[in-house]
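[1] sequence first, predicted coordinates after that:
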Amino acid sequence: MNTSLPTHFAPAGRLPSECLAGLPERLAQLERLQWLERLPVMVFLANSCRQIVYCNPVFAGALAPELREHFVGLRPGEALGCVYARKMEAGCGCSEYCRHCGAAQAILKSLQGEEDCRECHILASNGRGVYALDLQIISRPFENDGEAMSLNIALDVSHERRLFGLKRTFLHSMINAAGGLDTMFALLDADQGEELLQHVPLLRKSTLSMLQELLYQYDVMAAEAGRLSVQMASYDLTALIVGAVRHISGLSVAQGRDIRTCGPVCGVRTDSRLLRHALGNLVVNALEACPAGERVCILWKREDEGVRIDVENPGTVPEEVAAQFFKRYVSTKGEDRGLGLHTAKVFVENHLGGRLTYAPRPGLTRFSVFLPEPGGAKR
């Protein structure tokens, strides 16, 4: 067992594959495990090194095709494609991000002889893009030939969480937009004559805000369902950003806060609607993190193979919070929040061919969007 690799959380050591040869077949013969074969949920058994030594057909079916016959010896994050499982040479459970992983915590607890149940939000990649897995992990101690193991049932709660979160976010946004319209119509009912003309721009602005929110929610649901239509074309990046800022500046979250833009005139090939969605999420998050009187900056510049757009706000993010960035439903702002960063990453990386990263500077929180030139490489 190699225990010399560095780790920031769980023990790094694991058994070599030759030590696990034949173990899944022997475990499958155990009467107490055979009933798990027929369960319609994902089940896997991990040894004391957190390596998978048995799984039922449902769990195997959730793996990439090339891993379905070669999962033995992998840890759960490695088998499921978690992007953080590759952060450390020691693998799944060993990076600073893994401290916050519900699956890693539950498995370690069960290996200590205690039952545990936690939610696990995995940001995964399958080579075609990033996607989310929202699981509830039920871990129980299990013993085989004197070795402590962890028996785990993984319930996919993605659909339930996504549907509830989308409904709540949608209703919250529509209530705000409808409130603005109601105020304008109340003024119309006051029979103020020609003075009403001054309110027409505000009425149109409220209506446009509602329409944009509806389009955003439509695109989010289409992306989640894998049916998002992308229309790539050439645009003036400066005009796109200025237009997005104009809309965001009218939101309540921008009151008392300044948005500064700075960058050269340059073109970009993108889907303007999806880029506005992504930048809008980043800027709104930055505004929410800013005290009144502070400034959010949107900076862009051309690089060798494309364009980089930075969204910055003053202040730093605690390490335990930053480690959770881009996971779905993980937020410090309250229940059912945490869709904005994840959705922005999906739009940028899966549909615009770019990359969204957290790139802090001293005293600043910064997110960077890189959009490659046609034929260029992602960074």
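    Structure received. Residues are numbered from 1 along each chain as shown.
[2] for L215, give me phi and psi.
    When read as degrees, to the nearest 10, the backbone of L215 gives phi -60, psi -40.
[3] now name the helix or strand holding the closest residue to it other than its chain neighbours.
    Leaving out its chain neighbours, the residue that sits closest to L215 by C-beta to C-beta, 6 or more residues apart in numbering is R273, at 7.1 Å. To be clear about C-beta, it is placed using only N, CA and C from the backbone, and glycine gets the same treatment. Element membership for R273 (DSSP states H and E) is helix 272-289.
[4] how much space separates the closest residue to Y97 other than its chain neighbours from E69?
    Of all residues not flanking Y97 in the chain, Y84 sits nearest, at 4.1 Å (C-beta to C-beta, 6+ apart). From Y84 across to E69, the span is 25 Å (C-beta to C-beta, to the nearest Å).
[5] wait, L39 touches C55, no?
    No. With contact defined as C-beta atoms under 8 Å, L39 does not reach C55; the gap is 11.2 Å.
[6] which one's more surrounded, those two?
    C55 (27 against 13; other C-beta atoms under 10 Å).
[7] tell me the bridge partners for T261.
    Assessed by DSSP bridges, T261 has beta-bridge partners I298.
[8] just give me the neighbour total for it.
    T261: 14 neighbours (other C-beta under 10 Å).
[9] the chain - how does it break down into domains?
    17-156, 159-213, 230-372 (automatic domain parsing).
[10] pipe those domains into JSON lines and attach mean pLDDT and distance to P6 per row.
    Converted to JSON lines, the domains of the chain look like this (pLDDT from 0 to 100; distance: least, C-beta to C-beta, whole Å):
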{"stretch": "domain 17-156", "mean pLDDT": "92", "distance to P6": "7"}
{"stretch": "domain 159-213", "mean pLDDT": "67", "distance to P6": "34"}
{"stretch": "domain 230-372", "mean pLDDT": "90", "distance to P6": "17"}
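[11] in contact with the residue nearest to L215: list those residues for me.
    L215, D219, Q231 (C-beta atoms under 8 Å, 6 or more residues apart in numbering).
[12] apply the buried test to these and list what passes.
    Neighbour-count burial (16 or more other C-beta atoms under 10 Å) applied to the contacts of R273 gives D219.
[13] and stretch 33-43, end to end?
    10 Å (C-alpha to C-alpha, to the nearest Å).
[14] tell me which residues are up against that stretch.
    Contacts for stretch 33-43 (C-beta under 8 Å, 6+ apart): 27-28, 45, 54-59, 62, 135, 151-156.
[15] quick revisit: with neighbour numbers in mind, choose between Y84 and E69.
    Legend: neighbour count by other C-beta under 10 Å for Y84 and E69, higher for Y84 (22 against 9).
[16] L108 belongs to a helix?
    Yes. Under DSSP: H, G, I helix; E, B strand; the rest coil, L108 falls within a helix.
[17] list the contacts for it?
    A10, R50.
[18] columns distance to P11 on top of the contacts of R273, output as CSV?
    Shown next, in CSV, are the contacts of R273 (distance: C-beta to C-beta, whole Å):
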residue, distance to P11
L215, 48
D219, 43
Q231, 49
